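1. for reference, the sequence and a predicted model appear below.
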Amino acid sequence: MPNLSALRRSHPDIELNFIADVRERSLSDREAEIALRFEMKPRGSEVELNLAEIPYSVYAHQDVPFEELPWIGAADDSGNYAPQAWLERLAGSAGATIPLCSNDAGVLFDAARHKLGKCLLPEVLGDAEPSLQKSPAPGPVLVRNLRLLVHPTVRSFLRVSAVVEWLQTTLPGYVKSVRT
């Protein structure tokens with residue numbers, strides 16, 4: 001995480017718990033104070049802030065031609081997962097099978113690094129890995145809007161506002177700097 005040490009230095013009493021989960025955490029039930037989400041919309045009185053547009057491109061190991069690798073991809077049973085919908089449209093039109101699926105970009109990233117297939121990854125991951133090559137297809141093939149959701153009753157708390165401010169200033173610049 002970029003600049004996390006700066007946040008920790010300026011707010012040493014804040015406890016951070018990063019929980020990666022496809023299950024939607026309830027801000028109203030205090031299962032979380034802040035949520036970062038792509039496809040899921042706010043519920044009830046949750047406040048939504050746009051953080052960054054995350055571009056995705058197709059990556060594969062640099063030692064293997066793209067056409068020789070099978071598609072590996074996203075798996076999610078919610079029906080709202082944009083990378084999965086993108087891959088299903090592409091693979092379905094080609095009649096391709098997808099031998100490996102995961103709802104975790106880290107798993108797909110490692111699978112691509114180990115020559116198991118080509119996959120859709122956030123450019124912030126794929127571009128930083130020297131063993132991966134980006135598809136010669138132009139531009140990102142998918143752009144996802146990363147949103148921050150916060151319950152209005154905790155938004156003014158110092159610990160919450162500090163993390164919200166850190167996310168709002170750090171993530172957009174980090175994503176942009178990786179792309180340029």
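-> Great, that's in hand.
2. excluding its backbone neighbours, what's nearest residue 69?
-> Taking Cβ to Cβ, 6 or more residues apart in numbering, and ignoring the residues beside it in sequence, residue 69 has residue 118 as its nearest neighbour in space, at 4.6 Å. Heads up, the C-betas are built off the backbone N, CA and C, glycines and all.
3. which intervals of the protein have sub-threshold pLDDT?
-> Within the chain, the ranges that satisfy pLDDT under 70 run 1-2, 21-32, 76-80, 92-95, 174-180.
4. ok, longest helix in it?
-> For the chain, the helix that runs over the most residues, judged by DSSP state H, is helix 158-179.
5. so which elements touch that one?
-> Packed against helix 158-179, as judged by 3 or more Cβ pairs under 8 Å, 6 or more residues apart in numbering; DSSP states H and E, are the following elements: helix 4-10, strand 34-37, strand 47-61, helix 123-126, strand 142-150.
6. gap between the first one and the chain center?
-> The one in question is helix 4-10. The chain centroid and the centroid of helix 4-10 are separated by 22 Å, computed with Cα atoms, centre = their mean, to the nearest Å.
7. try the third one
-> Between the centre of strand 47-61 and the centre of its chain there are 6 Å (Cα atoms, centre = their mean).
8. tell me the spacing between the residue sitting nearest the centre point of the chain and residue 88.
-> By Cα atoms, centre = their mean, the mean C-alpha position of the chain lies nearest to residue 122, the distance being 6.4 Å. Here the distance between residue 122 and residue 88 works out to 19 Å (Cβ to Cβ, to the nearest Å).
9. with residue 157 instead?
-> From residue 157 across to residue 88, the span is 41 Å (Cβ to Cβ).
10. try residue 115
-> Taking Cβ to Cβ as the measure, residue 115 falls 23 Å from residue 88.
11. returning to that earlier point: and the helices and strands packed on helix 158-179: which comes nearest residue 81?
-> Ranking the helices and strands packed on helix 158-179 by proximity to residue 81 (Cβ to Cβ) places strand 142-150 first, at 9.9 Å.
12. which parts of stretch 43-63 are buried?
-> Taking 16 or more other Cβ atoms under 10 Å as the basis for neighbour counts, the residues of stretch 43-63 that come out buried are 46, 51, 52, 54, 55, 56, 57, 58, 59, 60, 61.
13. closest one of those residues to residue 167?
-> Proximity of the buried residues of stretch 43-63 to residue 167 (Cβ to Cβ) peaks at residue 51, which lies at 6.0 Å.
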